[in-house]
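[1] I would like to see how this sequence folds:
(2 chains)
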Amino acid sequence: MTATAETSAGSRGSQPPVPDGAVTVTVKIRRFNPEFDDEPRWDSFDIPALPSDRVLNLLHYIKWYVDGTLTFRRSCAHGICGSDAMRINGVNRLACKVLLKDLLAASGKPTTITIEPIKGLPVNKDLLVDMEPFFEAFRAVKPYLVTYGNEPTRERIQSVADRERFDDTTKCILCACCTTSCPVYWTEGSYFGPAAIVNAHRFIFDSRDEGAEERLDILNDIDGVWRCRTTFNCTDACPRGIQVTKAIQEVKRALLFKRV
Amino acid sequence: MQFHKYDVVIIGAGGAGMRAAIESGQRARTAVLTKLYPTRSHTGAAQGGMCAALANVEEDNWEWHTFDTIKGGDYLVDQDAAEIMAKEAIDAVLDLEKMGLPFNRTPEGKIDQRRFGGHTRNHGEAAVRRACYAADRTGHMILQTLYQNCVKHGIEFFNEFYVLDICLTETENGPVCTGAVAYELATGEIHVFQAKSVVFATGGFGKVFKTTSNAHTLTGDGMGIVFRKGLPLEDMEFYQFHPTGLAGLGILLTEGARGEGAILRNASGERFMERYAPTIKDLAPRDIVARSMALEVLEGRGAGPNKDYVLLDCTHLGAEVLETKLPDITEFARTYLAVDPVVEPVPVYPTAHYAMGGIPTNIHGEVLRDNDNIVPGLYAAGECACVSVHGANRLGTNSLLDINVFGRRAGIAAAEYALSRPEHVDLPENPAAAVEAQVALVLSEHGQERVADIRTELQATMDANASVYRTEDTLKQALHDVQALKERYAHIQVQDKGKRFNTDLLEAVELGFLLELAEVLVVGALARKESRGGHAREDYPNRDDTNFMRHSMFYKQGDGLAADIRLDYKPVTFTRYKPMERKY
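    Modelled structure (predicted):
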């Protein structure tokens, strides 16, 4: 089924004025609302957009002026909150961090942008998926500082180098771009997935933490790090530029050599 | 309808809500109801740091921090509250470090500190290094660390539960808070939570403006609910415009950039802050810097083809400082403006950022129902609350501090109050009726108005008429526009009639709160015929302590969106600091 801005049943009223420099693009979206639909479908929307627009702006245009039933999550709109992970032209991205100018077809040719929900998590409605399995895996790796004995009165001392050791994995925003780009996760939903391992890494390699062994035991499980097949999809997908595969490899090495 | 019973219900899972939950959850049976997944909260967008007089890198003490906060707030700060915040800041930072927060470190391995606007040595002598930070993602690290500790303590979350009402039960001593009513986004079901205490931690309402650093979800829901219950809001005319938003977009670039040495320049390359704040220049408080930038543009010294922004020059900091201490903002400039801060200055302009006002509380987080009395069982903390530690202008970093100090205090107070009550007070009759009617009304067919059109027009008039500089004329225009939009709001049409994740309905409800709060802001700004902190009136350029050294208190009169607003006043609490002229 196809709907356009002009013909969509839901469209009403006049559209907002088209800004100078706008181009018309086709946004093709995977739709599914289990409340009313038996199966998913594709809807297409031809809308005006500026090259400087984020894909999130395009989705908002559709929701606000064409079809109010289109459903997705978003909040901060600049790549920090991690709400709007989706598959854009086949790769996992945050809709607020992809600019239209980087998706435009070669000069003159029409542009079609394909948007689907991230894979491997149940679709609740359109681009909105059930995040519970993802957060369950996160919670399972003890993603918090584990210490024993008395707390110091002031801060714990940590050298600049020790702090730097786990800097990369502190950037994680739990958007699920990495985990839902992983072919192993698509087929084996019980796999902890890259994001959970990244967050375990963040503590395993923190010099203040004393819970590394407990976490490594968890990740040595059948659904732990050994499932990783080093395809690097996760690293490519991370909107924060985290070296996800490297972090997973470091956890594997720590397990092999029993050393952090 | 589903029914739940807890000791404590916390509404909102940003920094303040989760800091409260960590305290409350270890003492009493606690539920956190949140519109967003906790890690999506806008605390995560805070960048630069959290001030505390640790004196890790140079001499400092909490009394200087107190003074800076009061002077920064243009003396509208309640001084007892500011003193508590500055004093407890030290433990607040140390607590976060012990919870695991990865602060940047000094060569000795202690928490590193950087300079920030308005934070000075010895009552204004020079900028002091007081802000504890984790690169330029301090808020992200605070949000993650608090969520991690909520996981550790097994805090119970109800994610994507949108609270639309609280339950007040009338007693002979006035109203008592007995619960909250939430709309579950996944199912469209209404849930009633009976509780002995309820904590609001729902954040700000920056989406009344077009150009804002705030998330789409920051629609003032908590403040709106309280106001509709006939409880007061305080100091709503004081809204902070952060000086350095990415021009045209409003995305925040931390003041920490200037803390690390970045400089604001006008079109001719002049470091104009030397004229406005000769001592601390670019590190003057935000109200002063934002006004100075607006003046540069108004007087024709703006940069760019339309001379409508100024430039944040980071080029002399070098690639290493930018990549290691300011990596996120460096990336924002590259991604969204295609400007590389390493080699060229970044176009910036003030962006709507933070509500100094909100739900009035005392220093325990207890919500006031008038100048002297509290609502037993009701608490608020963070941006949605007004203690008031920020007065007329919040200093940078003091919001991350506020959520930790007063989030903790509210969580402890709410739990202890709940434990001191053997029984739950009965809920009022039909506690869900108002929310059921509200949802049914929004979904019913009663007009053709589009939510997006009303919201866009609201944001346009607020940007044009109630922004950095205001006058009687612009504010009257804004009031006229907002009231007309409220009338149109009565005829909105929502397309999605379903029960499942109906974000169309959600946006419509949010717009109702935005309209209400925008009107309160404008009414307050019209009545305050002076310039103080974040409230700058071109027609009344001076601070007027004789008539306006007092907090504004706004009460809703009558029902419905078109109800009147009654304006009252509340005295400012002074301890040891006399108001002085504010110079930097």
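[2] Run through who's touching stretch B:90-103.
    A:144-145, A:151-152, A:154-156, A:163, A:166-167, A:170, A:203, A:206, A:208-209, B:50, B:52-54, B:62, B:111-112, B:132-134, B:141-142, B:145-146, B:148-149, B:401, B:404-405, B:408 (Cβ atoms under 8 Å, 6 or more residues apart in numbering or on different chains). C-beta coordinates here come from the backbone N, C-alpha and C atoms, glycine included.
[3] go with 7 Å
    A:144-145, A:151, A:154-156, A:163, A:170, B:50, B:52-54, B:62, B:111-112, B:132-134, B:141-142, B:145, B:148-149, B:401, B:404-405 (Cβ atoms under 7 Å, 6 or more residues apart in numbering or on different chains).
[4] Going by neighbour count, which residues in it are buried?
    For stretch B:90-103, the neighbour count (16 or more other Cβ atoms under 10 Å in any protein chain shown) marks B:90, B:92-103 as buried.
[5] circling back: give me the buried entries from the contacts of stretch B:90-103.
    By neighbour count, with 16+ other Cβ under 10 Å, the contacts of stretch B:90-103 hold A:144-145, A:155-156, A:163, A:170, B:50, B:52-54, B:62, B:111-112, B:132-134, B:141-142, B:145, B:148-149, B:401, B:404-405 as buried.
[6] On the three-state scheme, the nearest residue to B:F548 once chain neighbours are set aside is what?
    In this structure, B:F548 finds its nearest non-sequential neighbour in B:E530, 4.6 Å apart by Cβ to Cβ, 6 or more residues apart in numbering or on different chains. Following DSSP: H, G, I helix; E, B strand; the rest coil, we place B:E530 in the coil state.
[7] same thing with B:N149?
    Under three-state DSSP, B:N149 comes out as helix.
[8] Ok, A:E214 next?
    With three-state DSSP as the criterion, A:E214 reads helix.
[9] and B:P347, what helix or strand is that in?
    strand B:346-355 (DSSP states H and E).
[10] which residues touch that strand?
    Against strand B:346-355 from outside (Cβ under 7 Å, 6+ apart): B:204-206, B:209, B:211-214, B:239-247, B:250, B:252-253, B:290, B:293-294, B:303-304, B:309-312, B:314, B:333, B:337, B:339, B:383, B:394, B:399, B:468.
[11] for it, what is the average pLDDT?
    Here strand B:346-355 scores 98 as its mean pLDDT.
[12] How about the spatially most central residue of chain B: what's its closest non-neighbour residue?
    What sits nearest the mean C-alpha location of chain B, by Cα atoms, centre = their mean, is B:E383, with 3.4 Å. For B:E383, ignoring the flanking residues on the chain, the nearest one in space by Cβ to Cβ, 6+ apart is B:G204 at 4.2 Å.
[13] Next: A:Q15.
    Closest to A:Q15 by Cβ to Cβ, 6+ apart is A:Y65, at 5.4 Å.
[14] What number of residues are in the vicinity of the residue of the stretch 151-260 of chain A found nearest chain B?
    In the stretch 151-260 of chain A, no residue comes nearer to chain B than A:I157, which is 3.9 Å away by Cβ to the nearest Cβ. A:I157 has 15 neighbours, counted by other Cβ atoms under 10 Å in any protein chain shown.
[15] before we move on, what about the one 3 residues further on?
    By the measure other Cβ under 10 Å, the count of residues near A:V160 is 13.
[16] Please tell me how far B:L54 sits from chain A.
    8 Å (Cβ to the nearest Cβ, to the nearest Å).
[17] Quick check: the gap between that residue and B:K71.
    For B:L54, the distance to B:K71 equals 21 Å [Cβ to Cβ, to the nearest Å].
[18] And stretch B:67-83, end to end?
    8 Å (Cα to Cα, to the nearest Å).
[19] and it, how far out from the chain's middle?
    Between the centre of stretch B:67-83 and the centre of its chain there are 17 Å (Cα atoms, centre = their mean, to the nearest Å).
[20] Just the CA coordinates for the strand holding B:P347, please, in PDB.
    Only the C-alpha atoms of strand B:346-355 are listed here, as PDB (Å, rounded to 0.1, in the frame of the first residue of the first chain):
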ATOM      1  CA  VAL B 346      31.400  28.500  15.500                       C
ATOM      2  CA  PRO B 347      28.300  30.600  14.900                       C
ATOM      3  CA  VAL B 348      26.300  30.900  18.100                       C
ATOM      4  CA  TYR B 349      23.300  32.700  19.500                       C
ATOM      5  CA  PRO B 350      21.400  32.500  22.800                       C
ATOM      6  CA  THR B 351      19.000  29.500  23.100                       C
ATOM      7  CA  ALA B 352      16.200  29.000  25.600                       C
ATOM      8  CA  HIS B 353      17.600  26.700  28.200                       C
ATOM      9  CA  TYR B 354      16.400  26.600  31.800                       C
ATOM     10  CA  ALA B 355      13.500  27.600  34.000                       C
END
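[21] neighbouring contacts of the next helix or strand after that strand?
    Downstream of strand B:346-355, the next assigned helix or strand under DSSP H and E is strand B:359-360. Strand B:359-360 has contacts (Cβ under 7 Å, 6+ apart) with B:200, B:222-223, B:226, B:232-234, B:367-368, B:380, B:384-386, B:553.
[22] go again using 8 Å as the cut-off
    By Cβ under 8 Å, 6+ apart, strand B:359-360 touches B:200, B:222-223, B:226, B:231-234, B:367-368, B:380, B:384-386, B:388, B:551, B:553, B:570.
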